[in-house]
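# below: sequence and its predicted model.
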Amino acid sequence: MNLRGGLFFLYQLTMTLEKTLKPTLGTGLSARLLLLTIFFVMLSEVLIYVPSIARFRQVYLEERLDVARVAALALSAAPEHMVSANLEAELLASAQARSVLLRRHDMRALFLTEPMPIRVGASFDLRETTPLSLIFDAFDAMLRPNPDSDTGGARVIRVIGDPPQSEDDRYLEVVLDEAPLVAAMYDFSVRILSLSIVISLITAGLVFFSLQWLMVRPVRRITDSMAEFRDNPENPENVIAPSDRSDEIGIAQRALASMQQDLRASLAQKTRLAALGAAVSKVNHDLRNILASAQLASERLASSSDPTVRRLTPRLYKAIDRAITLCTETLDFGKAGERLPRRILFPLETLIPDLKTTVGVTSEDRSVLIDDIEPGLELDGDPEQIFRVLLNLVQNAVQALEVDDSKPGGEVRLTARRSQEMVVIDIRDTGPGIPQTAQAKLFDIFDGSAREGGTGLGLAIARDLVKVHGGEIQLVQSDENGTWFRIEIPDR
């Protein structure tokens with residue numbers, strides 16, 4: 001088995017594990033984590049194997065040099081440095097070499113050699129090696145496709161090295177067969193591969209069970225909760241109970257629980273809105289009849305001789321007419337939002353008298369509406385819808401002043417000006433401000449009310465009316481000094 005065979009075996013092992021584990025673990029995260037762990041552990045073992053096999057070859061050759069040195073010492077101890085042919089053969093066999101030479105400079109000092117001429121296929125000087133050359137030489141020996149046929153199918157190599165504890169310029173030169181070395185390298189590779197498989201399987205198992213406990217099971221719990229909540233979002237038991245983990249999974253669980261609770265609240269709110277719409281549709285007809293009767297009565301009041309009654313009757317008639325129109329459009333709001341505005345160019349200051357009358361504030365009241373509108377300012381919009389926006393905001397401001405007894409003489413100030421191609425309307429009051437908890441959901445129906453018992457419909461309706469004009473409404477500031485809303489209505 002060579003390196004290519006080992007890598008091929010690694011690939012085959014991974015594919016076999018995939019086929020074996022797929023019916024059991026499926027194609028989920030667990031199976032993929034297990035296979036990836038096995039593959040990467042085996043890959044790391046391959047990276048460890050590359051320098052290891054090079055080191056194994058170097059140690060093997062150094063050991064042959066050590067044995068050759070012993071044979072050279074035996075030769076040097078013989079009379080006249082000569083030994084018999086049998087002893088010479090035994091010394092070469094013990095060194096597993098074909099020849100051993102102890103050289104000094106370019107002169108032979110001692111040598112042992114076979115009687116037949118030897119053809120050397122390659123020479124390696126261990127005194128001049130580098131890590132890369134050792135790796136290259138090791139894999140060159142294992143992957144050689146065409147062995148030297150003249151040496152019985154195996155290459156003969158020459159290895160040069162310094163004798164251990166050498167104090168002069170002598171060096172050893174050993175000629176040996178490469179076949180035993182390659183066989184030892186193959187055996188070492190098989191042992192490394194077997195050990196790597198065992199280590200990878202054990203490591204993969206430990207990593208698998210750790211990830212299964214720490215990640216896969218919590219992630220599966222999140223996905224199961226999402227599926228159950230999708231099937232029945234109204235069931236409170238389908239809301240995931242988040243753990244106290246501080247990592248990303250714990251954050252995901254808490255975020256999912258918060259999202260599920262918000263969705264359940266939204267569904268409950270929509271259910272209440274649907275019930276409210278059904279109730280409004282039932283009373284809408286009767287309420288319109290009552291208002292129609294009040295409208296007839298106001299027409300009769302117009303013929304009264306009392307000047308005060310004659311002066312107030314047109315405003316009363318207009319207020320009743322607005323109420324009838326509002327009842328007519330209530331169902332449209334529940335079905336598809338506000339109707340498109342019937343935009344005209346009108347002076348904004350024409351809405352202020354009706355606004356003061358409807359809200360009910362005068363200069364004698366503790367809550368005073370002060371208007372500061374740019375002279376001749378005209379707004380491009382629907383007068384009825386703009387009136388409803390201002391009415392909701394001013395009414396909320398007046399109610400805030402009425403519940404605040406700590407600031408006598410409070411006021412509501414309405415200012416309007418033109419800025420480039422839009423009209424900017426500011427409504428400020430000197431009330432106690434909106435609580436911080438209510439500011440986040442200020443424009444949400446049923447959640448945006450800052451007043452106890454309020455529904456939050458006023459600001460939600462005002463926002464929708466401003467949006468159908470293509471404008472924006474925002475809370476600029478709200479603290480103990482008062483509240484400031486800004487409306488921006490662009491021209492068409």
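Received it, and whenever you're ready, just let me know what you need.

# CA atoms for contacts and neighbours, from now on please.
Fine.

# distance of Asp380 from Ile373?
Plainly put, Asp380 is 15 Å away from Ile373 if you go by CA to CA, to the nearest Å.

# again with Val468
Per CA to CA, Val468 is found 23 Å from Ile373.

# what residues are up against the residue nearest to Phe124 when sequence neighbours are not counted?
Spatial nearest neighbour of Phe124, excluding adjacent residues (CA to CA, 6 or more residues apart in numbering): Val159 at 4.9 Å. Counting by CA atoms under 8 Å, 6 or more residues apart in numbering, Val159 touches Leu61, Leu65, Ser123, Phe124, Asp125, Leu126, Glu173, Val174, Val175, Leu176.

# which one of those residues sits closest to Asp137?
Phe124 (8.9 Å; CA to CA).

# next, count neighbours for the closest one.
Neighbourhood size, Phe124 [other CA atoms under 10 Å]: 17.

# and the next element down the chain from the worst-scoring helix or strand of the chain on mean pLDDT?
When each helix and strand of the chain is scored by mean pLDDT, DSSP states H and E, helix 3-25 comes last, with a mean of 52. Next in sequence after helix 3-25, counting helices and strands by DSSP states H and E, comes helix 29-77.

# can you give me phi and psi for Phe443?
Main-chain torsions, Phe443, degrees, to the nearest 10: phi -100, psi 20.

# ok, back up a step: and which of the contacts of Val159 is nearest Asn232?
Leu61 (74.1 Å).

# now that closest one: closest residue in space, sequence neighbours ignored.
Val159 (7.4 Å).

# what's the helix or strand for that neighbour?
strand 156-161.

# Leu102 too?
Per DSSP H and E: strand 99-104 holds Leu102.

# tilt between that strand and helix 29-77?
Angle of strand 99-104 versus helix 29-77, following axes from the mean of the first three to the mean of the last three CA atoms, to 10 degrees, is 70 degrees.

# what are the C-alpha coordinates of strand 99-104, in CSV please?
The C-alpha trace of strand 99-104 is given here as CSV (Å, rounded to 0.1, in the frame of the first residue of the first chain):
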residue,chain,number,x,y,z
SER,A,99,29.4,-2.7,0.8
VAL,A,100,30.8,-0.6,3.6
LEU,A,101,33.5,2.0,3.1
LEU,A,102,35.2,4.2,5.6
ARG,A,103,36.7,7.1,3.7
ARG,A,104,39.0,9.9,4.5
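
# helices of the stretch 351-492 of the chain, start to end?
With DSSP state H, counting those that start in this stretch applied, the stretch 351-492 of the chain shows helices at 352-359, 383-402, 436-439, 457-468, listed in chain order.

# mean confidence (pLDDT) on the first one, please.
It refers to helix 352-359. For helix 352-359, the mean per-residue pLDDT is 84.

# by contact count, what packs against that helix?
helix 383-402 (3 or more CA pairs under 8 Å, 6 or more residues apart in numbering; DSSP states H and E).

# outside of the helix it packs on, which residues touch it?
With CA under 8 Å, 6+ apart, helix 383-402 has contacts from 341, 343-344, 346, 351, 355, 358-359, 367, 410-412, 427-433, 458-459, 461-463, 465-466.

# quick revisit: bridged to the residue nearest to Leu61, which residues?
Phe124, Val174 (DSSP bridges).

# how close does it get to Pro180?
Taking CA to CA, one finds Val159 at 14 Å from Pro180.

# what do you get for Ile53?
On the measure of CA to CA, Ile53 and Pro180 end up 15 Å apart.

# rewinding a little: the strand holding Leu102 versus strand 156-161: what angle between them?
For strand 99-104 against strand 156-161, the angle by the same axes, to 10 degrees is 30 degrees.

# so for strand 99-104, what gets flagged as buried?
For strand 99-104, a neighbour-count test (16 or more other CA atoms under 10 Å) marks Ser99, Val100, Leu101, Leu102, Arg103 as buried.

# any chance of these in a markdown table, plus pLDDT and distance to Ile38?
Putting the buried residues of strand 99-104 into a markdown table (pLDDT from 0 to 100; distance: CA to CA, whole Å) gives the following:
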| residue | pLDDT | distance to Ile38 |
| --- | --- | --- |
| Ser99 | 77 | 47 |
| Val100 | 77 | 47 |
| Leu101 | 75 | 49 |
| Leu102 | 73 | 50 |
| Arg103 | 70 | 51 |
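
# brilliant, that's me finished.
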